[in-house]
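Enquirer: The following block contains a protein sequence and its predicted model.
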Amino acid sequence: MKDLQKHTRILAKNCPKRAVQRVPLFAWLICSLGLGSSHYPQKNARPNIVLIFADDLGYGDLHGYGANYATPNLDKLAAEGVRLNSFYAQPQCSPSRAALLTGCYPQRVGIPWVVGPEGPAWTKDKYFVGLNPGEQTLPELLKTVGYATACVGKWHLGHLTPHLPTRHGFDEYFGLPYSNDMWPPGNAQWPELPVLEGEKIVAKITDSTGQGLLTRQYTEKAVKFIEKNAKRPFFLYVAHSMPHVPIAASPEFQGKSGRGTYADVIGELDWSVGQVMESLRKNGLDKNTLVIFTSDNGPWLSYGNHAGSAGGLREGKATTFEGGVRVPMIARWPGKIPKGGSSNEVAGLIDLLPTLVEITGAAVPKLPIDGKSIWPLWQGKPAAGSLREAHYYFQLDELQAVRQGRWKLHLPHQYETVPVGGKDGNRGTSAVGTIGLSLFDLEGDPNETKNVAEQHPEMVEKLKKMAETFRAELERTKRPAAKAL
């Protein structure tokens, strides 16, 4: 009884007087129990969003997707949420980030290729370019409905000041402006790898020790942002540099997996997810936070034992075969997304923006986008099928394949294949492969081994026409990236 009286006094102090007078006793009990916890709930009903984005992590790189090493925090995340089994990124880093933040195929917004620092391999107009400021990004849209926003980790959509995250809707930024291999060991004319906070360089990475500290540093920044914004809705985008080469783990994780450096790196990423989840729980935010985990493309197979696994899918990064673009995807939101859900329906990075603006009540961009909300898939609704007519696969500016339902048609194109992978950070050999007009049944043949075009000529013609129509529409309506400076 004394505890009840104590909680009643707390309730009276924290609630309007007239409201307290009208609250029945059982409601007082419920409210008092909530106030008796160590943290108060956020006043705003909109969910927090934590989007964790790995780099070059393949379809088979998590224990729950077939890896032979432990990823307990990610396994738990999947058990408490939903996993999508046909979720598509783009073949490379910058295009995937453009797709995620704009809801568009990257070709529509002028980012079909990788953006990086100056070097002889880059032409001036592509090297200096970034995401067009006229594009409405996901954080910009969320800010209109009261969200605090932060980007932690790899940006890769323009490294010069006008193109940084702070110019595209993020209140805070800490991380690398591009990939962690874009430094002097990769090219003597590239500058030392800069670490930015806001728009200022605060450190430079010059060796493997600095590389190995990245995951821990990103995690610490992410946790601090959660703690700082515990009383308002927030969008936290954690874009890890790992397991993109050169891979490295902090001293606490070196050798910990017993299965090599790559597994050590994935183990630390899994630990990072656990730290973020623990921070949400400590701050009383667990139930009102949507957590998403996915990757920007498949494994960079050229690096052999320093690359991940496509889980038996064909080829890897920089290709439009399933191994290059199909990635793990997990979403968790207690009470909103059923536990242990799974879907084989087609979805991708371009669908995250429309999904998140629907959930939060933000407006969709004024310019056309390609994605559709996949909220029904996450909820496990029986009638939720594929929400887009088709999924289109691009490599650079070339439309190379189209999927509708179980059927995937490859248009004739060349691609990079890897006869021999490298070892311990050294790159292996690459070769040019070719594929003619080929139809695959991904339900029965997800590894794309048996061309069934001759058995289904009507489907070949249908998908060819869809590809031609979409290619023409995109060419008419695509928008440029930011102009060179």
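Expert: Okay, I see it.
Enquirer: which SSE is the residue most central in space within the chain in?
Expert: Using Cα atoms, centre = their mean, the residue of the chain that lies closest to the mean C-alpha position is F53, 3.6 Å off. Per DSSP states H and E: F53 is located in strand 48-54.
Enquirer: One more: L439?
Expert: If you go by DSSP H and E, L439 is part of strand 438-441.
Enquirer: And the helices in the protein, which stretches?
Expert: 2-14, 17-22, 25-35, 72-79, 93-102, 124-127, 138-143, 208-212, 214-228, 261-282, 322-325, 352-360, 375-379, 457-477 (DSSP state H).
Enquirer: Kindly reformat those as JSON lines containing mean pLDDT, mean neighbour count and distance to L176.
Expert: (C-beta placed from N, C-alpha, C; glycine too.) Output for the helices of the chain, formatted as JSON lines (pLDDT from 0 to 100; neighbours: other Cβ atoms under 10 Å; distance: least, Cβ to Cβ, whole Å):
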{"stretch": "helix 2-14", "mean pLDDT": "38", "mean neighbour count": "13", "distance to L176": "44"}
{"stretch": "helix 17-22", "mean pLDDT": "36", "mean neighbour count": "9", "distance to L176": "49"}
{"stretch": "helix 25-35", "mean pLDDT": "36", "mean neighbour count": "13", "distance to L176": "41"}
{"stretch": "helix 72-79", "mean pLDDT": "98", "mean neighbour count": "20", "distance to L176": "23"}
{"stretch": "helix 93-102", "mean pLDDT": "98", "mean neighbour count": "28", "distance to L176": "11"}
{"stretch": "helix 124-127", "mean pLDDT": "53", "mean neighbour count": "13", "distance to L176": "17"}
{"stretch": "helix 138-143", "mean pLDDT": "98", "mean neighbour count": "22", "distance to L176": "18"}
{"stretch": "helix 208-212", "mean pLDDT": "98", "mean neighbour count": "18", "distance to L176": "10"}
{"stretch": "helix 214-228", "mean pLDDT": "98", "mean neighbour count": "20", "distance to L176": "8"}
{"stretch": "helix 261-282", "mean pLDDT": "98", "mean neighbour count": "22", "distance to L176": "16"}
{"stretch": "helix 322-325", "mean pLDDT": "98", "mean neighbour count": "30", "distance to L176": "23"}
{"stretch": "helix 352-360", "mean pLDDT": "98", "mean neighbour count": "21", "distance to L176": "22"}
{"stretch": "helix 375-379", "mean pLDDT": "94", "mean neighbour count": "20", "distance to L176": "30"}
{"stretch": "helix 457-477", "mean pLDDT": "98", "mean neighbour count": "14", "distance to L176": "31"}
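Enquirer: Reformat those helices as TSV; add distance to R314.
Expert: Formatted as TSV, the helices of the chain follow (distance: least, Cβ to Cβ, whole Å):
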stretch	distance to R314
helix 2-14	59
helix 17-22	62
helix 25-35	52
helix 72-79	24
helix 93-102	19
helix 124-127	29
helix 138-143	31
helix 208-212	30
helix 214-228	29
helix 261-282	20
helix 322-325	5
helix 352-360	25
helix 375-379	25
helix 457-477	18
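Enquirer: Out of the ones you listed, which is closest to I337?
Expert: helix 375-379 (5.0 Å; Cβ to Cβ).
Enquirer: Counting by contacts, list what the closest one packs against.
Expert: In this structure, helix 375-379 makes packing contacts with strand 82-88, strand 341-348, helix 352-360, judged by 3 or more Cβ pairs under 8 Å, 6 or more residues apart in numbering; DSSP states H and E.
Enquirer: so what does the longest one touch, helix or strand wise?
Expert: With contacts defined as 3+ Cβ pairs under 8 Å, 6+ apart, the secondary structure elements packing on helix 352-360 are strand 48-54, helix 93-102, helix 138-143, strand 289-295, helix 375-379.
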